[in-house]
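> Sequence plus predicted model, see below.
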Amino acid sequence: MTALSVERLFVTFQGAGSGYTAVRGVSFEVGAGETFGLIGPSGCGKTTVLRAIAGLNTGWQGEIRVFGQPLSPGRKITGAAREEIQMVFQDPYSSLHPRHRIARTLGEPLSIRGIPDVSDRVHAALDQVGLKQMVAERYPHQLSGGQRQRVAIARALLLKPKLLLLDEPTSALDVSVQAGILNLLNDLKAAHGMTFILVSHDPGVIGHMCDRTAIMANGSIERILDRQALADAVAPQ
């Protein structure tokens, strides 16, 4: 089953009197349960692709389908698709409200949707990512970078998404913390049967996580590597 299909995706940002096309005709498919990577230098368009899939940037052209359901350019994602697609951002500190306790940050999406037993679900989500229940009463600045990213992952999982978008999820963390977060993501993926799209500039992260990866440059995909080709590409020479 195809989890994600992207066909001839273009994203153009309008400036003063002119536009800049950041993504140029990108196409790829991702199977259900797969971890698919997007790798390339800064400014190559990989995060822009991710934000279009997430519905954060609606100014795109082309075709995006998530589990067969088409997304519409110019419109925010609504309905069941909004719950099925979740995103974990690069900087866990800026993605959490600094004046809200973790309990509120995690509980609000559930309360808005009328989901019961919010406190129990928040505590269960924290436990799932290896955090103690007392974390729910803390503010983001009272947590370490690794703990904040685990909270961000817990928030993304609360609505039980099928597709999880990961934008450089460990680049803001110390090297000593990165492996724990990556292993946590792999464990959660196996437990919930999710599909991952992972953006990174780090070949080691991509090689550890991904079944296939697209190499991007100048807004386009240059080639797609399977796991063996990816392993050969990142192996020490």
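Right, received. Where do you want to start? This is a predicted model, so every value here is computed, not measured.

> where do the strands sit along the chain?
Assigned by DSSP state E, the strands in the chain fall at 2-14, 19-31, 35-39, 60-66, 69-70, 85-88, 163-167, 195-200, 212-217, 220-226.

> residues in contact with the spatially closest residue to Ala54 that is not a sequence neighbour?
Residue nearest to Ala54 in three dimensions, not counting chain neighbours: Met87, with 4.7 Å by C-beta to C-beta, 6 or more residues apart in numbering. For glycine as for every other residue, the C-beta is placed from the backbone atoms N, C-alpha and C. Applying C-beta atoms under 8 Å, 6 or more residues apart in numbering to Met87 gives the contacts Leu50, Ala54, Leu56, Ala156, Leu164, Leu165, Leu166, Asp167.

> Isn't the fifth one up against Val199?
No: counting by C-beta atoms under 8 Å, Val199 is not a contact partner of Leu164; they are 11.9 Å apart.

> if we can go back for a sec, just tell me which of the strands of the chain ends up closest to Asp174.
strand 195-200 (16.3 Å; C-beta to C-beta).

> what lines up beside that closest one in the sheet?
Using DSSP bridges, strand 195-200 pairs in its sheet with strand 35-39 (parallel), strand 163-167 (parallel).

> That one relative to strand 212-217, how many degrees between them?
Orientation check (axes from the mean of the first three to the mean of the last three C-alpha atoms, to 10 degrees): strand 195-200 against strand 212-217 gives 40 degrees.

> give me the number of residues near Arg51?
Neighbour count of Arg51, defined by other C-beta atoms under 10 Å: 19.

> residues contacting it?
Asn57.

> distance of it from Ala124?
29 Å (C-beta to C-beta, to the nearest Å).

> okay, the strands of the chain in a markdown table with distance to Thr105 next?
A markdown table is the format used below for the strands of the chain (distance: least, C-beta to C-beta, whole Å):
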| stretch | distance to Thr105 |
| --- | --- |
| strand 2-14 | 27 |
| strand 19-31 | 29 |
| strand 35-39 | 26 |
| strand 60-66 | 25 |
| strand 69-70 | 28 |
| strand 85-88 | 14 |
| strand 163-167 | 18 |
| strand 195-200 | 22 |
| strand 212-217 | 31 |
| strand 220-226 | 35 |
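
> got the ones you listed as JSON lines, with distance to Gly145 and mean pLDDT columns?
Listed next are the strands of the chain as JSON lines, based on distance: least, C-beta to C-beta, whole Å; pLDDT from 0 to 100:
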{"stretch": "strand 2-14", "distance to Gly145": "29", "mean pLDDT": "96"}
{"stretch": "strand 19-31", "distance to Gly145": "28", "mean pLDDT": "95"}
{"stretch": "strand 35-39", "distance to Gly145": "22", "mean pLDDT": "97"}
{"stretch": "strand 60-66", "distance to Gly145": "30", "mean pLDDT": "97"}
{"stretch": "strand 69-70", "distance to Gly145": "35", "mean pLDDT": "94"}
{"stretch": "strand 85-88", "distance to Gly145": "14", "mean pLDDT": "94"}
{"stretch": "strand 163-167", "distance to Gly145": "16", "mean pLDDT": "96"}
{"stretch": "strand 195-200", "distance to Gly145": "17", "mean pLDDT": "96"}
{"stretch": "strand 212-217", "distance to Gly145": "25", "mean pLDDT": "96"}
{"stretch": "strand 220-226", "distance to Gly145": "30", "mean pLDDT": "95"}
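
> Thanks a lot, see you next time.
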